[in-house]
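Q: Here is the input, now give the coordinates:
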Amino acid sequence: MSYSVGQVAGFAGVTVRTLHHYDDIGLLVPSERSHAGHRRYSDADLDRLQQILFYRELGFPLDEVAALLDDPAADPRAHLRRQHELLTARIEKLQKMAAAVEHAMEARSMGINLTPEEKFEVFGDFDPDQYEEEVRERWGDTDAYRQSKEKTASYTKEDWQRLQDEADELTRRFVALMEAGEPADSEGAMDAAEDHRRGIARNHYDCGYEMHTCLGEMYVSDERFTRNIDAAKPGLAAYMRDAILANAVRHTS
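A: Alright, predicted model coming up:
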C-alpha cells in the first residue's frame with residue numbers, strides 16, 4: 001500500500017510543499033516513485049513522518065530531528081521513551097504556565113498595585129494586565145469586585161506575597177487531606193474550606209456561604225481554574241468544591 005503526496009499531506013495536516021522540502025533535504029524520502037516520477041509513501045514513511053512532526057511540535061530544528069531519527073543506536077522503543085520524557089516535561093511546564101495564568105487573572109481581579117518587577121516576582125512569568133478585559137466583563141459590576149479593588153488598592157508586594165503563601169499552604173492542607181483518604185465532608189476538609197472562605201473575606205471581599213459555594217462550582221466549571229488547581233493533585237478542584245459545599249451546609253442548616 002502506498003500513498004500520494006496529496007494523501008499524506010491530508011493525513012498529517014501538513015502542506016505538499018512541506019513534504020517536498022522534507023524530501024529535498026533527505027529527512028523524509030518517499031520509498032517509491034510512480035512511473036510518472038510522482039512521490040509514493042509507504043506505511044513506514046508515514047511512521048517516520050509521525051516522528052518528525054512530533055519532534056517539530058516540541059521545537060526541534062530539522063537537522064536535530066534527522067540526527068535523532070537516523071541514529072543507528074536508537075530503536076523504536078528508545079524513541080517512545082524519549083517522547084514520553086519530553087511530553088512529561090512539557091506537561092509539567094504547561095501546568096506551571098496554567099497556574100501562572102490563573103494567578104495573573106486572580107491578581108488583576110483583585111486590583112493589584114505592583115511594579116512590573118514585583119508582578120514577575122510574586123506571580124511568575126505572566127502579566128496580569130493582559131486579563132483586564134475578561135475580569136472586568138465577568139466581575140466588574142459586582143460588589144465583590146468593587147470591594148476587592150478598594151481593599152487591595154494599597155497592598156504592597158509583601159502583602160501579595162503573604163496572600164500567595166497563605167494560598168499555597170491551604171493547597172497543601174487540602175492535598176494532605178486527600179492523600180490521607182479524608183472525605184470532602186470530613187471535619188478536617190470542612191475546616192480547611194472554612195479557612196479558605198475566611199481568607200477571602202479577610203483579604204478581598206465579603207464572602208458568605210452562598211458566594212463561597214458559587215466560587216467552588218467555578219473551580220470545576222471553568223476548565224482554567226480546574227487545570228490550575230488540579231496541577232497540585234488531580235481531582236483537587238472537585239474535592240475543594242465538595243468540601244466548600246459541605247462546609248456551607250454545616251454552617252447554614
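Q: Show me the shaky parts of the stretch 1-150 of the chain.
A: 74, 76, 79, 94, 96-145, 148-149 (pLDDT under 70).
Q: Try it again at 80.
A: In the predicted model, the stretch 1-150 of the chain carries pLDDT under 80 at residues 58-60, 72-84, 86-150.
Q: residue ranges of the strands in it, please?
A: 3-4, 32-33, 39-41 (DSSP state E, counting those that start in this stretch).
Q: Among these, which comes closest to Ser221?
A: The closest of the strands of the stretch 1-150 of the chain to Ser221 is strand 3-4. By Cβ to Cβ, the value is 43.5 Å. The way it works is simple: take the backbone N, C-alpha and C, and place the C-beta from them, glycine included.
Q: So what are the sheet partners of the closest one and their directions?
A: Next to strand 3-4 in the sheet, as set by DSSP bridges, lie strand 39-41 (antiparallel).
Q: can you list the residues that contact the strand it pairs with?
A: Contacting residues not belonging to strand 39-41 are listed as 2-5, 7-8, 19, 23, 30-34, 49 [Cβ atoms under 8 Å, 6 or more residues apart in numbering].
Q: one more time with 7 Å, if that's ok
A: Ser2, Tyr3, Ser4, Val5, Val8, Asp23, Pro30, Ser31, Glu32, Arg33, Ser34 (Cβ atoms under 7 Å, 6 or more residues apart in numbering).
Q: Let me know the closest of those residues to Glu169.
A: Val8 (53.3 Å).
Q: Pull the contacting residues for that closest one.
A: By Cβ under 7 Å, 6+ apart, the neighbours of Val8 are Leu19, Tyr41, Leu46, Leu49.
Q: that older thread, so among the contacts of strand 39-41, which ones count as buried?
A: Those of the contacts of strand 39-41 that meet the buried threshold are Ser2, Tyr3, Val5, Val8, Pro30, by 16 or more other Cβ atoms under 10 Å.
Q: quick one: which of those is nearest to Ser186?
A: Val8 (56.2 Å).
Q: gap between that closest one and His20?
A: Using Cβ to Cβ, to the nearest Å, Val8 is found at 11 Å from His20.
Q: ok, now Tyr55?
A: 19 Å.
Q: Comparing these two, which residue is more hemmed in?
A: Using other Cβ atoms under 10 Å as the criterion, Tyr55 and His20 rank with Tyr55 on top: 20 against 14.
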